[in-house]
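Visitor: Compute the structure for the input listed below.
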Amino acid sequence: MTIRPLKIALLGAALVALPVHGQPVVLEIDVENLVAYVDNNYFPTAVRLGDITAVNGHPVKGTYVGVPFKLGLNPTPQPGRAIADAAAVSFRQESFQILGLDGVPVGSILALGTAGGPPPRGAPSVQANGDLAIVGGTGAFIGARGEKGRGASIVPLRYAAVDEDPANRRQIGGGHVREILQVIPMSQPEIVITAGRPAVTHSKDSTPVSVSKPARSGEVLSLLATGLGPSRPGPSLRMNEEMVVNSPVAVTVNGKAAEVISAAGSTETVDRYQVNFRVPAGTEKGTATIQVAAAWIASVPARIAVQ
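Guide: Numbering: from 1, shown residues only. Here you go, the predicted model:
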């Protein structure tokens, strides 16, 4: 499966996926010319705050927190710049806390590393700089790994006055950047395969979608999926039985967004969710490719017949 970058618009923010397994490797690294700079004028710290407003173009809520430590690393000796083999502006700790528009937490992602220098090999082409490692996550991103960098700077960062009250941050305004996160999740959505074909049924009678009984444009279908992440009690009267997927869920048919009617599991099942969706109007007849995604992390495509 292809690893796709998940773009989080920050005040505008950017993410994606595939488990990788390997044996632990011990690296013994020698460090020389080690110096501690305590309360040094050349290495100030700061706090950066911003509102996460979109992920891959989809509106969300959330909070970005960044704590940069100025470094000024440069291979060429210059006054006030720290001599080093690698170039970087700062070392950062960054947290992305993502919420749905209803304010329900989806999950958080934590990254550590250097910013301002060139991106590492293998980074998404939209990544302009930065070399931070994603070291973990919570909620829909629990156990996540990967790397993070800076994309487009749409509006330059604003530096606050030393006595500015942070309660006025939104009123005064600030910069707009797009962060690029390439995420390797611990698990990802999958469409269940039954008898060699996707577990997709006609909602009206629960019969399987097949070549002999294909789906139709505009019809409501149900698919069975795993890996959609945490869930919460649903709004029905049987709240102890219906568990609604906590993360934003999306379904595409031939790459076109389908209307997701519901996405829920049951307290009687483990990691099994039913997603009801409507086949987009105008879907061409023949074989259609479908995918389900939770928290912007997509499944491997599956194919169904459409009449």
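Visitor: Okay, now the unreliable bits of the stretch 101-250 of the chain?
Guide: 236-241 (pLDDT under 70).
Visitor: Please enumerate the helices of it.
Guide: For the stretch 101-250 of the chain, the helices defined by DSSP state H, counting those that start in this stretch cover 169-172.
Visitor: thinking Asp113 is in contact with Arg92, fair?
Guide: That one is not Asp; residue 113 is Gly. Yes: between Gly113 and Arg92 there is a contact at 6.7 Å, judged by CB atoms under 8 Å. Just so you know, the C-beta spots here come from the backbone N, C-alpha and C atoms, and that holds for glycine as well.
Visitor: so what's in contact with those two at the same time?
Guide: Leu132 (CB atoms under 8 Å, 6 or more residues apart in numbering).
Visitor: what residues are up against Ser203?
Guide: Per CB under 8 Å, 6+ apart, neighbours of Ser203: Glu219, Val220, Leu221, Ser222, Asn276.
Visitor: elements contacting the strand ranked longest in the chain?
Guide: Among the segments of the chain that qualify as a strand by DSSP state E, the longest is strand 61-74. Here strand 61-74 touches strand 48-55, strand 82-83, strand 88-99, strand 105-115, going by 3 or more CB pairs under 8 Å, 6 or more residues apart in numbering; DSSP states H and E.
Visitor: closest to Ala281 out of those?
Guide: strand 48-55 (25.8 Å; CB to CB).
Visitor: Quick check: buried residues in that closest one?
Guide: Arg48, Gly50, Asp51, Ile52, Thr53, Ala54, Val55 (16 or more other CB atoms under 10 Å).
Visitor: helix or strand right after it?
Guide: Toward the C-terminal end, the helix or strand that comes next after strand 48-55 (DSSP states H and E) is strand 58-59.
Visitor: That following strand pairs with which strands, parallel or anti?
Guide: Using DSSP bridges, the strands paired with strand 58-59 are strand 48-55 (antiparallel).
Visitor: what about the strand it pairs with, distance to the chain center?
Guide: 13 Å (CA atoms, centre = their mean, to the nearest Å).
Visitor: and if you look at stretch 31-41?
Guide: 36 Å.
Visitor: Stretch 269-281 now?
Guide: Worked out by CA atoms, centre = their mean, stretch 269-281 lies 21 Å from the chain centre.
Visitor: got the buried residues for that stretch?
Guide: Tyr273, Gln274, Val275, Asn276, Phe277, Arg278, Val279, Pro280.
Visitor: Same question for stretch 104-114.
Guide: Pro105, Val106, Gly107, Ser108, Ile109, Leu110, Ala111, Gly113, Thr114.
Visitor: residues contacting the first one?
Guide: It refers to Pro105. Gln97, Ile98, Leu99, Gly139, Asn246.
Visitor: For it, list each beta-bridge partner.
Guide: Here Pro105, judged by DSSP bridges, has bridge partners Leu99.
Visitor: Near the closest residue to Asn246 other than its chain neighbours, how many other residues are there?
Guide: Distances taken as CB to CB, 6 or more residues apart in numbering put Pro230 closest to Asn246, at 4.5 Å, once the chain neighbours are dropped. Residues lying near Pro230 (other CB atoms under 10 Å) number 17.
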